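> The sequence isn't on hand, but the structure is:
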């Protein structure tokens, strides 16, 4: 039996949140927690547009839950700008149960993923900077 290569990295993530009518944030974090071999933590800021280099230089990936975009456009714009400014890859998660994502988000994403826990983790581990 072969063992997968052990990844001891702790990924520091920003996960979009805000107005969340369908609990996509909760469902997404449950997917991450279900992968006990994937180490991660979440960084949160009261206002991502005011967080500076000291905050963002510690971030490995920005996760955008596309289903939250319509009700949280300002937050998404702040995170898109931070991604570009600090060269942080964006993982775009399709709206739960849908395939289409907003074009503005698709253009900025390093990768787009659905709701399979293995695919999510692989996308986080393998995302590279698009800038």
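Right, received. Where do you want to start? Not measured: the values here are computed from a predicted model.

> Strands along the protein, start to end?
For the chain, the strands defined by DSSP state E occupy 10-15, 39-42, 61-65, 90-93, 111-113.

> Please produce a markdown table containing these, extended by distance to residue 102 and mean neighbour count.
(Each C-beta comes from the backbone N, C-alpha and C, glycine too.) As requested, those are exported to a markdown table (distance: least, Cβ to Cβ, whole Å; neighbours: other Cβ atoms under 10 Å):
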| stretch | distance to residue 102 | mean neighbour count |
| --- | --- | --- |
| strand 10-15 | 17 | 18 |
| strand 39-42 | 23 | 13 |
| strand 61-65 | 10 | 25 |
| strand 90-93 | 9 | 24 |
| strand 111-113 | 11 | 18 |
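
> can you put these in TSV and add mean pLDDT and distance to residue 122?
Output for the strands of the chain, formatted as TSV (pLDDT from 0 to 100; distance: least, Cβ to Cβ, whole Å):
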stretch	mean pLDDT	distance to residue 122
strand 10-15	97	12
strand 39-42	96	13
strand 61-65	98	12
strand 90-93	97	10
strand 111-113	95	8
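
> want to throw these into CSV with distance to residue 80?
Listed next are the strands of the chain as CSV, based on distance: least, Cβ to Cβ, whole Å:
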stretch, distance to residue 80
strand 10-15, 12
strand 39-42, 18
strand 61-65, 8
strand 90-93, 7
strand 111-113, 15
